[in-house]
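In: Take this sequence and fold it.
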Amino acid sequence: MEDTSLKSTHKSSISEFNEEEIRGWTIDRLYQVETKIDLIISSYFNPEKKYEFENIVLNSSIISIGGKLKILRNIKAFDKKIIDKIQKISSIRNAFAHLPTRDCIEISVTKDEKGNFTNSNISKITSQMVLMNSSGELKTKTTNDLIDEFYNLNKEISDYLNNYR
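Out: Residues are numbered from 1 along each chain as shown. Prediction:
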């Protein structure tokens, strides 16, 4: 039998991922969050044609994640702080999906007592992204900081969504 299906990664930690894998990972994790949101919305409205409601009405090409979050804001039992956290990971996901990374190098330079350069070496290399915040200001963040923030928020959100009733 020929198996041409896509395979999941067998890496045990996101620190093992390369840039492309991190981009895919953030997209996949937000997709999983959106799928759980769809189920919560569907359960709340309890439509007669549940399959059609979930696959047509809640299709992301019809209602964006932002539109779904507006629906959640109107479900009284849903924690509004979680909505804010979903918006944050959505923003981070968008950065990984649409923005380039750039490697930045810090160079240590030593001088002698006369002020002449005697030695230089690379002391640190980081990957960074330039993001625009909600106020329109550009901010530079390391990809490691963004990944850590996404990971922690995603865990908190997923725990909440998995236990939501």
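In: Can I get the helix or strand hosting Thr118 as CSV, trimmed to CA atoms?
Out: Assigned by DSSP states H and E, Thr118 belongs to strand 117-132. Provided in CSV are the C-alpha atoms of strand 117-132 (Å, rounded to 0.1, in the frame of the first residue of the first chain):
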residue,chain,number,x,y,z
PHE,A,117,40.3,48.4,18.5
THR,A,118,42.1,45.2,19.5
ASN,A,119,39.5,42.5,19.1
SER,A,120,35.9,41.9,18.0
ASN,A,121,33.7,38.8,18.1
ILE,A,122,30.1,37.9,17.7
SER,A,123,28.6,37.7,21.2
LYS,A,124,25.0,36.9,20.3
ILE,A,125,22.8,36.1,17.3
THR,A,126,19.0,36.5,17.6
SER,A,127,16.1,36.2,15.1
GLN,A,128,13.7,39.1,15.3
MET,A,129,10.5,40.4,13.8
VAL,A,130,9.2,43.9,13.4
LEU,A,131,5.5,44.0,14.4
MET,A,132,3.0,46.8,14.4
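In: Tell me the buried residues in it?
Out: Gln128, Met129, Leu131 (16 or more other CB atoms under 10 Å). C-beta here means a position set from N, CA and C on the backbone, and glycine is covered the same way.
In: From these, pick the one nearest Ser120.
Out: Ser120 lies nearest to Gln128 out of the buried residues of strand 117-132, by CB to CB, at 21.2 Å.
In: what's near enough to touch the closest one?
Out: Thr101, Arg102, Asp103, Cys104, Thr140, Lys141, Thr142, Thr143 (CB atoms under 8 Å, 6 or more residues apart in numbering).
In: The second one touches Ser127, doesn't it?
Out: Yes. Arg102 lies in contact with Ser127 (CB atoms under 8 Å); the separation is 7.2 Å.
In: In the protein, where is pLDDT below threshold?
Out: Applying pLDDT under 70 to the chain picks out no residues at all.
In: Show me what the longest helix seen in it packs onto, helices and strands only.
Out: Ranked by residue count and defined by DSSP state H, the top helix of the chain is helix 19-45. Packed against helix 19-45 by the contact rule (3 or more CB pairs under 8 Å, 6 or more residues apart in numbering; DSSP states H and E) you find helix 65-73, helix 80-98, helix 143-163.
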